[in-house]
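# Quick one: sequence plus predicted model below, questions after.
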Amino acid sequence: MSEHADLDQDRFDLAPGDEAADGSHAQGTGGYVIGLVLALLLTGASFAVAGSGVIWGPAIPAALLALAVAQMGVHLVFFLHITTGPDNTNNVLALAFGVLMVLLVIGGSVWIMAHLNHNMMPMSEMMKRLG
Amino acid sequence: MTGATASPGAPGAPASQADPHRIGHGGNHHQDEATGHGEGGPASKRIVVAYGFWIFLLSDIIMFSVFFAAYAVLGGETAGGPTGGQLFEMWRVALETACLLASSFTAGLSSVAASRRQMVPTQIWLAVTGLLGLVFLVLEVQEFAGLVAQGAGPSRSAFLSAFFALVGCHGLHVTAGLLWLGTMMAQILFFGFAPNIMRRFLCFNLFWHALDIIWVGVFSIVYLMGAHG
């Protein structure tokens, strides 16, 4: 990426999507190939886990979630080049805030609605009392 | 950002008084007083633009998380209608996943080619990316049409409303991405690898990769979990 005319200006920060020029991880096409292979492996594992009986039934959702999070991590590192390097601090902090919001929204909704369902009067009972 | 040196509260006051603790300024070795000119000087436009687009993508992902939350809450409310296990075709989901993953890879190859200023490989990889995205979209539209035809449209149950909202929203994003891809190819062809075109291209690549990240959540949570449970 040394072609960027303004690279010498940016010794402290890296744009999301840009690769570090110091060769700290796989560069150029190689990085994308590694990412593709890892993503294919994880996708294949997800479909295999869901489609066959290799994993105990009730554990399948947890396994699928773990594989999905792993694959999102692979995409972030090898395709979007979001790393933990010092030149990526701003990008990672923004990502951390996004992940926090996503967890609050999904986790909070599931949590609250599960409790609502649990405490709600069954529909048939409600109809009886109203009628 | 012109005229950013004077604070609005104290017009004409020296910058040292307006900002006595030099917040946002990195020490005295740098003489530039303009806002945002911290240690190491101002970031290049490429970094500022890509960072802003990264913030947009994260907010877009937060919007998707609301659709995911709705689906997680309503996924079991089939109102006596068909369940995901009865409706979803695994071969179609696998093919859609393969198309989107391969298109994310080819988009990356086009960005590598563009950083090396190679016009023909850039355009070829972008065209392949677009074709794969188009195949994905055709598969999805076929699936939606088939569901509506067998009476499993979005108005059938809360589960199907949440399903069409989530997957349809992702499909709309892919459609927008394809339009962007087409204009991107034309701009690179006509204007070459100019800095402003390359900034847009960087943002497009981020957008396309982010769509694939969201699809990972869709096929894992909606299709694979839905087909299983």
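Ah, there it is.
# Run a quick check on B:Pro195 versus B:Ser44, I expect a contact.
No - taking contacts as C-beta atoms under 8 Å, B:Pro195 lies outside contact range of B:Ser44: 9.4 Å. All C-beta atoms are positioned from the backbone trio N, CA, C, and that covers glycine.
# quick one, which of those two is more surrounded?
Neighbours were counted for B:Pro195 and for B:Ser44 using other C-beta atoms under 10 Å in any protein chain shown; B:Ser44 has more, 20 against 12.
# excluding its backbone neighbours, what's nearest the spatially most central residue of chain B?
With distances taken as C-alpha atoms, centre = their mean, the residue of chain B nearest its centroid is B:Phe207 (3.2 Å). Closest residue in space to B:Phe207, ignoring its immediate chain neighbours: B:Gly177 at 5.9 Å, by C-beta to C-beta, 6 or more residues apart in numbering or on different chains.
# Enumerate every residue touching that neighbour.
By C-beta atoms under 8 Å, 6 or more residues apart in numbering or on different chains, B:Gly177 lies in contact with B:Gly133, B:Phe204, B:Phe207, B:Trp208, B:Leu211.
# Report pLDDT for A:Pro127.
Careful, residue A:127 is Met; it's not Pro. The model reports A:Met127 with a pLDDT of 73.
# Give me the secondary structure label for A:Ile82.
Secondary structure state of A:Ile82, per DSSP: H, G, I helix; E, B strand; the rest coil, is coil.
# List phi and psi for it.
For A:Ile82, the backbone dihedrals (degrees, to the nearest 10) come out as phi -90, psi 110.
# was I right about A:Thr84 contacting A:Val92?
Yes - using C-beta under 8 Å, A:Thr84 is in contact with A:Val92, at 6.3 Å.
# Which one's more surrounded, those two?
Shown here are A:Thr84 and A:Val92; by other C-beta under 10 Å, A:Val92 has more neighbours (15 against 8).
# any idea how far the more buried one lies from chain B?
Distance, A:Val92 to chain B, by C-beta to the nearest C-beta, to the nearest Å: 10 Å.
# Who are the packing partners of the helix or strand harbouring that residue?
Under the criterion DSSP states H and E, the helix or strand holding A:Val92 is helix A:89-119. Where contact means 3 or more C-beta pairs under 8 Å, 6 or more residues apart in numbering or on different chains; DSSP states H and E, helix A:89-119 is packed against helix B:45-74.
# can you count the residues close to the closest residue to A:Ala68 other than its chain neighbours?
Counting by C-beta to C-beta, 6+ apart, B:Ser220 is the residue found nearest to A:Ala68 once chain neighbours are left out, at 3.8 Å. Look at B:Ser220: counted by other C-beta under 10 Å, it has 27 neighbours.
# what's the answer for B:Ala79, then?
By the measure other C-beta under 10 Å, the count of residues near B:Ala79 is 9.
# which ones are touching the closest residue in space to it that isn't next to it in sequence?
Among residues not flanking B:Ala79 along the chain, B:Ser157 sits closest, at 3.9 Å (C-beta to C-beta, 6+ apart). Contacts for B:Ser157 (C-beta under 8 Å, 6+ apart) come out as B:Glu77, B:Thr78, B:Ala79, B:Gly80, B:Gly81.
# Provide the backbone phi and psi angles at B:Ser157.
Backbone dihedrals for B:Ser157, given as degrees, to the nearest 10, come out at phi -150, psi 170.
# now it: how far from chain A?
Computed as C-beta to the nearest C-beta, the B:Ser157 to chain A distance reads 15 Å.
# Next one: that residue, what pLDDT does it get?
You'll see B:Ser157 listed with a pLDDT of 93.
# What of A:Ile82?
Looking at A:Ile82, its pLDDT is 89.
# Counting neighbours, what do you get for the residue nearest to A:Thr83 when sequence neighbours are not counted?
Spatial nearest neighbour of A:Thr83, excluding adjacent residues (C-beta to C-beta, 6+ apart): A:Val77 at 6.3 Å. If you count neighbours by other C-beta under 10 Å, A:Val77 ends up with 18.
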